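Visitor: Sequence and predicted structure are below.
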Amino acid sequence: MNNNPIDEWISLETRRQFFGRTSKGLGAAALASLMTQRADAHDGGILRNGHFPAKAKRVIWLFMAGAPSHLDTFDYKPKMVDWFDKNLPESVRKGQRLTTMTASQSRFPIAPSMFRFDQHGESGHRVSELLPHTGSMVDDIAIVHSLWTEAINHDPAITYLQTGNQIPGRPTLGAWISYGLGSMNRNLPEFVVLNCEPRGQALYSRLWGSGFLPSTHAGVAFRAQGDPVLYLSNPDGVGGEMRRLMLDRLQTMNRRIYEQAGDPETQTRIAQYEMAFRMQSSVPDLVDTSGEPKHILEMYGEDVQKPGTFGHNCLLARRMAERDVRFIQIFHRGWDHHSGLPANIKRQTKEVDQPGWALIQDLKQRGLLDDTLVIWGGEFGRTIYSQGTLTKTNYGRDHHPKCFSVWLAGGGIKGGVTHGQTDEFGYNILQNPVHIRDLHATILHLLGIDHMKFTVKNRGLDERLTGVQEVARPVKEIFA
């Protein structure tokens, strides 16, 4: 007879039943799904130190979900004033795919941006009056005008930009980086997601998921209310010593299961519980901004002390960068301006302009910008023609995947430069096209990773973030 109670329990349960029942008993299933960290990750990922010396150690991606209009922010098209309400020539459109929202329009009237574009800095680059703070730092950023994608609708386009594929289920960029390079702080997750107040398109957890990579590399979403991370606090009546004892006993059972079944996810589970325990002290300290000097808070703008706002999240991103979180992603929604664009984009840019500028300045004054790569942009661009009614002061723009703008700063990026050029209608790329896979290759390169050599076996294929068959190229022209 087997006198070991753990062995008796395991022998009576399937592994799935055992884990399910254990998780329910401890209320830890949801916790484990969020506490994505390996116990030894701070020693490096599978690439250890990368393929070559890195220029960036960490990434902050400011993602404008819904697709900002490049024509009203960064891509200056002064000749369009003379084209107001004239039809977009077919020689420009070239039969390109349209969404169902404008495909049935009888005409495609050109809507010049109603906003002034001012020159800034020594470089003299023009930026919309909507973004005065961003304009003031053009000498610190590189603006890419020629990004493009094949996706024309939001969900596949965001999925594509996050994972390198329009079809859901693949690892996200943050998960790839976590898997490759590991963590620099064993008390915090390698990949953190900050969502701003809900507005616009729904965002799904798969947009920071790990796909076919181990689940420990998925992003951890911080919340604006309650515990910063779901189930971070101990249940009522359970103190720190009791939680430690519960984890020790659970580890004993998990290790016995691993010895019998050899499933690597069991080791992941052990590491997740341990990370959760460490985060109970590290996360509250991270999100407590009460010690920030007044001048720093003022720099990020009036909403900085309101959790869930872009300003607050930018400040948290800087605090995470200080603590060496590897990949930080902020999602700001509400940029899908099919109608009423002037009023809506004024509100959106006001929310992000000053905090985005403050983040760059704050990183710079702390010596963190040199090895922190910051990216700003959405999933595609907008049409030069108006969707719906057009007036001098009101218009809307449909989705446009063939060209859009992003900016990058820090982490090996040359400031004060632009890359790529679109035609006078902002509809087609004339010079230096940059596919989103090229953007991925660029980010990996700055982190010291050769995207062609960074592969993972999955269903018989050597999978890459940048695709198995496609050829991507880092945009070295914007490197410092």
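Guide: Received the coordinates, thanks. Numbering: from 1, shown residues only.

Visitor: Now do the same contact list for Met418.
Guide: Check again: residue 418 is Thr, not Met. Taking C-beta atoms under 8 Å, 6 or more residues apart in numbering, we find Thr418 in contact with His125, Ala142, Ile143, Val144, His145. From N, CA and C alone the C-beta is placed, and that goes for glycine too.

Visitor: out of the residues you listed, which one sits closest to Asp303?
Guide: Set against Asp303, the nearest of those by C-beta to C-beta is Ile143 (25.6 Å).

Visitor: Hmm, Ile413 and that closest one touching each other?
Guide: No. Using C-beta atoms under 8 Å, Ile143 is not in contact with Ile413; the gap is 10.6 Å.

Visitor: Just the residues contacting stretch 195-207, thanks.
Guide: Outside stretch 195-207, the residues touching it (C-beta under 8 Å, 6+ apart) are 65-66, 154-155, 158-159, 162, 168-169, 172, 218, 221, 224, 308-310, 313, 330-336.

Visitor: rerun at 7 Å
Guide: Applying C-beta atoms under 7 Å, 6 or more residues apart in numbering, the contact partners of stretch 195-207 are 65-66, 154, 158-159, 162, 168, 172, 221, 308-310, 313, 330-336.

Visitor: Stretch 142-152 now?
Guide: 74-75, 97, 99, 125, 157, 160, 166, 380, 399, 401-408, 413-415, 417-422, 429, 431-436, 439, 475, 478.

Visitor: buried subset of those residues?
Guide: 74-75, 125, 157, 160, 166, 380, 399, 401-408, 413, 415, 417-420, 422, 429, 433-436, 439, 475, 478 (16 or more other C-beta atoms under 10 Å).

Visitor: Select from these every entry located in helices.
Guide: Counting by DSSP state H, these place Ala157, Tyr160, Ile436, Leu439 in helices.

Visitor: Among those, which pair sits farthest apart?
Guide: Across those, the longest distance by C-beta to C-beta is 13.2 Å; it joins Ala157 and Leu439.

Visitor: Which stretches in the stretch 251-400 of the chain count as strands?
Guide: 327-333, 372-377, 381-386, 397-400 (DSSP state E, counting those that start in this stretch).

Visitor: What is the third one packed up against?
Guide: What it means is strand 381-386. Contacts defined by 3 or more C-beta pairs under 7 Å, 6 or more residues apart in numbering; DSSP states H and E place strand 381-386 against strand 397-400.

Visitor: likewise the shortest one?
Guide: Identification of packing neighbours for strand 397-400 by 3+ C-beta pairs under 7 Å, 6+ apart yields strand 381-386.

Visitor: Now the strand it packs on: average pLDDT?
Guide: Per-residue pLDDT over strand 381-386 has a mean of 98.

Visitor: Need the distance between the two termini of stretch 407-418.
Guide: With C-alpha to C-alpha, to the nearest Å applied, stretch 407-418 spans 9 Å between its terminal residues.

Visitor: the domain parsing of this structure - what is it?
Guide: Per automatic domain parsing, the structural domains of the chain span 1-34+238-306, 46-225+308-478.

Visitor: deepest of those domains, which one?
Guide: Comparing the domains of the chain by mean neighbour count (mean count of other C-beta atoms under 10 Å), domain 46-225+308-478 comes out on top with a mean of 20.

Visitor: And that one, end to end?
Guide: Using C-alpha to C-alpha, first and last residues of domain 46-225+308-478 are 28 Å apart.

Visitor: Give me the contact list for stretch 322-329.
Guide: Against stretch 322-329 from outside (C-beta under 7 Å, 6+ apart): 58-61, 63, 174, 177-178, 181, 183-185, 188-193, 208, 219, 286, 317, 320-321, 368.

Visitor: Revised request: answer the last question for stretch 383-393.
Guide: With contacts defined as C-beta under 7 Å, 6+ apart, stretch 383-393 is touched by 71, 80, 85, 88, 101-102, 108-111, 114, 338-339, 342, 395-398, 400, 425-427.

Visitor: thinking again about what came up before, least confident of the domains of the chain, on average?
Guide: Across the domains of the chain, domain 1-34+238-306 has the smallest mean pLDDT, namely a mean of 64.

Visitor: Check the contact between Ala67 and Phe380; I expect there is one.
Guide: Yes. With contacts counted by C-beta atoms under 7 Å, Ala67 reaches Phe380, the gap being 5.0 Å.

Visitor: joint contacts of the two?
Guide: His399.

Visitor: mind checking which of the strands of the stretch 251-400 of the chain is nearest Asp362?
Guide: Closest approach to Asp362 among the strands of the stretch 251-400 of the chain is made by strand 372-377 (10.5 Å; C-beta to C-beta).

Visitor: Run the chain-centre distance for the closest one.
Guide: Counting by C-alpha atoms, centre = their mean, to the nearest Å, strand 372-377 is centred 9 Å from the centre of its parent chain.

Visitor: Residue nearest the middle of this structure, spatially speaking?
Guide: Gln329 (3.7 Å; C-alpha atoms, centre = their mean).

Visitor: can you pull up the bridge partners for that one?
Guide: Taking DSSP bridges as the rule, Gln329 bridges to Trp61, Val193.

Visitor: Show me where the stretch 1-150 of the chain has its strands.
Guide: Remark: strands assigned in the stretch 1-150 of the chain by DSSP E, counting those that start in this stretch are 58-65, 117-120, 125-128, 141-148.

Visitor: could I get the ones you listed as TSV with distance to Gly291?
Guide: Formatted as TSV, the strands of the stretch 1-150 of the chain follow (distance: least, C-beta to C-beta, whole Å):
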stretch	distance to Gly291
strand 58-65	21
strand 117-120	34
strand 125-128	34
strand 141-148	29
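
Visitor: right, and these - which one's nearest Leu297?
Guide: Distance to Leu297, taken as C-beta to C-beta, is lowest for strand 58-65 among the strands of the stretch 1-150 of the chain, at 18.9 Å.
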